[in-house]
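Visitor: mind folding the following:
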Amino acid sequence: MELNSDSRFDPNFATRLLLDIAHEQSVEHLLQKLIHRALERPQSDLACFQIWLVEKGDLCCVCPQRPKCPDQTRCLHLVAGGGKSLSSSGPGVPRFNDPNARMPFGVGLVGQVASTGQQLVLNGLNEKPGEWGELDCLKREQIRAFTGSPITFKGEVLGVIAAFSRGNISDEARPWGQIFADHIGAAIANAQAFEEIQRLKAQLEQQNAYLEEEVVEAKAFGDLVGQSAALRQIVSQIDLVAPTDASVLILGETGTGKELVAYEIHRRSRRKDKLLVRVNCASIPKELYESEFFGHAKGAFTGAIRDRVGRFEAAEGGTLFLDEIGEVPLELQGKLLRVLQDKHYERVGEDRTRHADVRIVAATNRDLKKDVAAGRFREDLYYRLHVFPVQVAPLRERKEDIPLLAQHFIKLSAKELGCPKPRLTRAAMVQLQSYDWPGNIRELHNVIERAVILARGGALEIDLPVSDAAPTVRSSTADDGSNAESGFLTESEMQQRERENLLAILEKAAWKIKGADGAAELLGVKPTTLLSRVKKMGLKRPVETV
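Guide: Numbers count the residues shown, from 1 in each chain. From the prediction side, this is the model:
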């Protein structure tokens, strides 16, 4: 490369440029820097400076060099270029940086350098008219010299540095062309490697994002375990409201997991790096509500021996979760409303006004509309909280989530209690899904925890209250007898059905009574109970014949 083709060639300038390009981590920035720095010196005779890189053939059908191209699988692409044309405007002005310019190997000066892998330096081009006739702009641009150096890395030709000058190339400048080409080859390889690392990093981050989504899907959207339509509806509402600062009112029966919904709202919000502070409004003594919410100053009342930070101040910049909001006394609801409206409050016994940058999420298992109508809850506070209501469905309306919830609680309980993990049998699962769960998820958790303790690593035995609902009995066929159409079975028919069912289970278990996949486990009874029934019904294992 010849940065300054006359006798004023500056090796110091070339050295500084070599050091400068060595730190580039982007191929595009590297190439543009080379072009800019090569053309920036006003005394330079450089007319055109270009960088060509070897890439796949892509414009063969429209390329003017196609008839001369020996191999259309690859060619030289002009990836960066610049120049100082003597023509200010008009159709004759050459394009030194045409992104569609292509050059086959072995064709023209640039192609010769690529095919031979050797530096080419030519002076006196203007003295040999016609020899380089394909360069129609040589005469118009008063080009006198050309230098081209192959860009190589580890023996492979990556491209060509080409320079056209209006002055002859000095002997001092000639070796610098190949020096630059060798350094640029290494710099391009390094930049390409860095770009590949960045690409793989971005790809890995994207894959991790997909994996996180899959984990969330499998886990039930964070800590919300399940896959039911009811739960998906809750999650869609969380996704809508979480990025905002709107107040949220979570409604649902006791034990449905309202606190987990509040946590998910906070976790998916812009406040996720700050605290989520929970206040159980039902557990605060009436005389301590103000102090609990807003804090107090030392000496504000008997027993206030030091300053105390309230929940609003503790949740500054984060989320304040007001659980059981319906339990706040009516006379204190007005003070709470003022903070929500004005975003200001004072500690008890202090005149200083503090700003409240807090997002409010409230929850209740009460019908606040009825409380408003009955005068037990302020209407203005209700509408201030009821900006975005989220209704959490009871467990009896999302029974398809019970298998995932049961497995989740089994794993959790076994870990927390230090017990061996028991087996969840099909009979136990049917039992769990047949119950209405008035205590919802909290009751399910307690039942599973108790069963894990009793199982001792064996099959899980569920202890549930007997349902008041009577089972519906249907005849299997229309010709079972005179009672088929009446919708009930006689005692003898019931015994026969029970015998047939027990025999089917024994055959399925290959007459194995105890252990995993044994008949007792499939039926959901103790092995001793099953043996008693088998004996009572006179069932015997068939004798195997050879």
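
Visitor: wait, what's in contact with K154?
Guide: A189 (C-beta atoms under 8 Å, 6 or more residues apart in numbering). C-beta here means a position set from N, CA and C on the backbone, and glycine is covered the same way.

Visitor: what of V430?
Guide: So V430 contacts G524 (C-beta under 8 Å, 6+ apart).

Visitor: V121 now?
Guide: A145, F146, T147, G148, I169, R174, G177.

Visitor: dump the residue contacts of the third one.
Guide: Contacts here follow C-beta under 8 Å, 6+ apart; on that basis T147 touches M1, E2, Q119, L120, V121, L122, A162, A163, S165, I169, R174, G177.

Visitor: kindly recompute the last result at 10 Å.
Guide: Residues counted as contacts of T147 (C-beta atoms under 10 Å, 6 or more residues apart in numbering) are 1-2, 5, 109, 113, 119-123, 161-165, 169, 173-174, 176-178.

Visitor: what's across from it in the sheet?
Guide: Using DSSP bridges, the bridge partners assigned to T147 are V121, A163.

Visitor: so what pLDDT did it get?
Guide: T147 is assigned 89 on the pLDDT scale.

Visitor: over to G81?
Guide: For G81, the predicted pLDDT is 87.

Visitor: what do you get for Q433?
Guide: For Q433, the model assigns a pLDDT of 88.

Visitor: could you report the neighbour count for it?
Guide: A total of 14 residues lie near Q433 under the criterion other C-beta atoms under 10 Å.

Visitor: report the separation between S228 and G518.
Guide: Noted for S228: a distance of 32 Å to G518, by C-beta to C-beta, to the nearest Å.

Visitor: go on, N100?
Guide: For N100 relative to G518 (C-beta to C-beta), the value is 76 Å.

Visitor: which element follows the lowest-mean-pLDDT helix or strand in the chain toward the C-terminus?
Guide: Sorting the helices and strands of the chain by mean pLDDT, DSSP states H and E puts helix 174-219 at the bottom, at a mean of 65. Proceeding N to C from helix 174-219, the next assigned helix or strand is helix 229-241, under DSSP states H and E.

Visitor: that older thread, now the contacts of T147: which count as buried?
Guide: 1-2, 5, 109, 113, 119-123, 161-165, 169, 173, 176-178 (16 or more other C-beta atoms under 10 Å).

Visitor: how deep is the closest residue to R533 other than its chain neighbours tucked in, by neighbour count?
Guide: In this structure, R533 finds its nearest non-sequential neighbour in L502, 6.2 Å apart by C-beta to C-beta, 6 or more residues apart in numbering. Residues lying near L502 (other C-beta under 10 Å) number 18.

Visitor: residues contacting the nearest residue to R376 once chain neighbours are set aside?
Guide: Excluding the flanking residues, the one nearest R376 by C-beta to C-beta, 6+ apart is L330, at 6.5 Å. Contacts for L330 (C-beta under 10 Å, 6+ apart) come out as D371, G375, R376, F377, R378, L381.

Visitor: export those as a markdown table, with columns for neighbour count.
Guide: Conversion of these to a markdown table gives the following (neighbours: other C-beta atoms under 10 Å):
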| residue | neighbour count |
| --- | --- |
| D371 | 17 |
| G375 | 9 |
| R376 | 14 |
| F377 | 22 |
| R378 | 18 |
| L381 | 22 |
